Each structure stands twice: as structure tokens, then as C-alpha cells.
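Chemist: Show me how the following folds:
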Amino acid sequence: MATISDVARMAGVSTSTVSHVINGTRPVRDETRTRVEQAVKATGYRRDSLARALRRSRTDSIGLILTDVSEPAFAAMARGVEQEAMGAGLTVLLANSGEDAELEARALEVLAERRVDGLIIAPVARSHREAITAVIDQGTPVVLIDRLGGVKADQVGVENTAPMRELVLHLAQRHGHRRIALAAGDTGVSTISERRRGYLEALDEAGIEVDDTLIVTGSGRADDTRERMTSVLRQPHRPPAVVAAGTETAVGVLAAAKGLGLATPEDFAFATFDGFPHTDLFRPGITAVAQPAHEIGATAMQLLLSRIDGSLTSRPRTIRLEPEITYRESCGCPA
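Modeler: Down below sits the predicted model:
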């Protein structure tokens, strides 16, 4: 492999000048820069980024642990993280925990062994929080995203309770529905728990008695939700409105409806938190709370960078971004 000395000899400059050109650490005359760049290309020289990083006690990498990167919201968060990381010259090492606490703990261990400069984590429902705390205690900066609470670390997420309350009140007050089902999913997930709280607050504000048979919990997977919602939608007095707490539960609701030959909004009003990309292209259009997922990821990465470079030394911060509600035909609104 070509060395920096080989480049220096070919360009007729010192090795320090080559270093300044490659790393941008000091201005170099255009003519000299051109000679160095030509020499780098001719020799096939490649900078040893790992050795350089270790000299600075850095690996120029961060770890990102998500529960399921195939979910639209998490995919957008990952893109936000990666975009900011690339701009800072960092590599992102991605791990999927699959809603499994043991897989999450293993990912934490592996990424810590690789000495990543920081970690961004969307914790699983029943995460081993002591494993995350141990990484923090070792001095690795950590930012939680989406699912907040339980760990003394920086956190970036979205407002969940108020938007869900507003969504359910819209169904109750604008459209007059008094029996509104909730496809909640796993309430052990902090975001789902907060959205369930918003649903209950809305019922209370609207003077509607809570009917536990209309609150569908479980694993939150689409197939599980479909099975449970099928039973709800088969009731003699089918609920005239259904709200889903997330993408997977929304899929489960719509799959159950299709299996029963039901449609929205003709047979029941429907709205969801999260939902699908390009919900405005669905017919009927789906009423949805869209969280700024890309911005969540980007904000988390910016916060992590501030911890890594030491520019932010204050106590852990929690940032909640505002989602956007768009009312469409699925809940009975006009197109």
C-alpha cells in the first residue's frame, strides 16, 4: 500500500504538507494542492481513517439501535440520523432490536466493544434499562429517540398525548361518535401508553364512558391486531369509529375490515397515529397524525454531536417535536 511518504516524494513536498491537504488542517497554495492531489491519485494512497481516529481516541462512528427500521417512521428517523452524521464525517452502525430486550442488550454490547463515539437508541418495550445506563456510566453519550423516559439521557421524540386527544375529540365532537374503539397495541411501549392516555382524556372530556372491550391491546403486530379487531368489528353493535395508535395496528385494523367486507368511512370512521407514507394518495384519504420523523432523527444526531464534541455539557435534555394532524375522508371529512 502506498504511504504518505510515497505521495510526498512524488509531489516534491513534505509529509506534513500532504497531511494538510488531505485533512484540511492548514491552507496550501493551489499549485501545491494540485500536485499533492495528483500524487494521491497516481499512487492510490488511502488515508488510514481508523489509525487517525484512534490517535484522537475516536472511531468516527456512532451506533443506531432501532426496533424495526422497516417501519416508515423509524426509516425516516434513520435517514435523519445518517444525513447529519455524514455531514459530520461519521459512520452510522445500524442494529435492529426487533422489539427484543435481549437483542437490544447484545447490540449495545457489540457497539460498545467497537468503541462508537455515541449511541442513538429507540428502546424496546421492556428494555433492560440498566444496560443502557451502564453504557452511559462508561462515558458514552446516549440519546433516546421516539420512546422516552426511564433513563437519564438526552431524549428526542414527539408529542403523543395531546394529538391523540385532539384526534379522538374530532371524532366525538365533529362527527358525533360515542363509541370509539382504540387499536392500541403494546402499552408497554411509552409512545403507545401516551397515546392511550390521550384517548382516555378525550373520552373524559367528551363525557363518554370508557368501554374496555373497545380498547384492543396485545403485541401491536399487524397480524395480532387484525385477529383482535376482527372480533371487535363483528360485535352486534359495531363501533362506528376506530383509532389506531401506530402503523402496525393501523394495518391490522384495515386488514380486519377487508376480511369482513367493511369499508371506511361507509361502515366505520377511521383515523391513525403515524400511518403510511403518502396517505394523501389513498382512496379514501386516511386521517392521520404525521410525526416529523426525519426531524426527530436529525435533531437527535445534532444533540449527540454536541455531547461528543463537548460543546453541550448541561444536564440531559428532552425535546418534544409537534406532529401534524390532517383530516381526510376516512373519518368522514370531505375530500
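Chemist: so where do the helices sit in this protein?
Modeler: 4-11, 15-23, 30-43, 49-55, 72-87, 101-113, 129-137, 161-169, 190-206, 222-233, 247-259, 293-308 (DSSP state H).
Chemist: Touching the third one from outside, list them.
Modeler: Which is helix 30-43. The contact list for helix 30-43, computed with Cβ atoms under 8 Å, 6 or more residues apart in numbering, reads 2, 6-8, 10-13, 17-18, 21-22, 28, 45. Quick note: C-beta positions are derived from backbone N, CA and C, even for glycine.
Chemist: pLDDT on it, on average?
Modeler: The average pLDDT for helix 30-43 rounds to 91.
Chemist: buried residues in that helix?
Modeler: 32-33, 35-36, 39-40, 43 (16 or more other Cβ atoms under 10 Å).
Chemist: How much space separates Arg238 from Gly246?
Modeler: Computed as Cβ to Cβ, to the nearest Å, the Arg238 to Gly246 distance reads 22 Å.
Chemist: my bad, Val18
Modeler: Look at Val18 and Gly246: by Cβ to Cβ, they are 53 Å apart.
Chemist: Those two: who's more crowded?
Modeler: Neighbour comparison, Val18 and Gly246: the larger count goes to Val18, with 27 against 24 (by other Cβ atoms under 10 Å).
Chemist: what sits against that one?
Modeler: Listed by Cβ under 8 Å, 6+ apart, the contact partners of Val18 are 4, 7-8, 11, 36, 39-40.
Chemist: can I get the buried residues of helix 30-43 in CSV with distance to Leu108?
Modeler: Converted to CSV, the buried residues of helix 30-43 look like this (distance: Cβ to Cβ, whole Å):
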residue, distance to Leu108
Thr32, 46
Arg33, 43
Arg35, 47
Val36, 42
Ala39, 43
Val40, 38
Thr43, 41
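Chemist: so what's Ala197 up against?
Modeler: Wrong residue type there; residue 197 is Arg, not Ala. With contact taken as Cβ under 8 Å, 6+ apart, Arg197 is in contact with 161, 164.
Chemist: Distance check, it against Gly12.
Modeler: From Arg197 across to Gly12, the span is 70 Å (Cβ to Cβ).
Chemist: Tell me the buried residues in stretch 118-127?
Modeler: Neighbour counts using 16+ other Cβ under 10 Å place 118-125, 127 of stretch 118-127 among the buried residues.
Chemist: how about it as PDB, C-alpha atoms only?
Modeler: Extracted as PDB, the C-alpha positions of stretch 118-127 are listed here (Å, rounded to 0.1, in the frame of the first residue of the first chain):
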ATOM      1  CA  GLY A 118     -22.100   7.800  20.800                       C
ATOM      2  CA  LEU A 119     -25.400   5.900  20.600                       C
ATOM      3  CA  ILE A 120     -28.900   6.700  19.500                       C
ATOM      4  CA  ILE A 121     -31.500   4.200  20.700                       C
ATOM      5  CA  ALA A 122     -35.200   3.700  20.300                       C
ATOM      6  CA  PRO A 123     -35.700   1.400  23.300                       C
ATOM      7  CA  VAL A 124     -37.800  -1.800  23.100                       C
ATOM      8  CA  ALA A 125     -41.000  -2.000  25.200                       C
ATOM      9  CA  ARG A 126     -39.400  -3.800  28.100                       C
ATOM     10  CA  SER A 127     -35.800  -2.700  27.700                       C
END
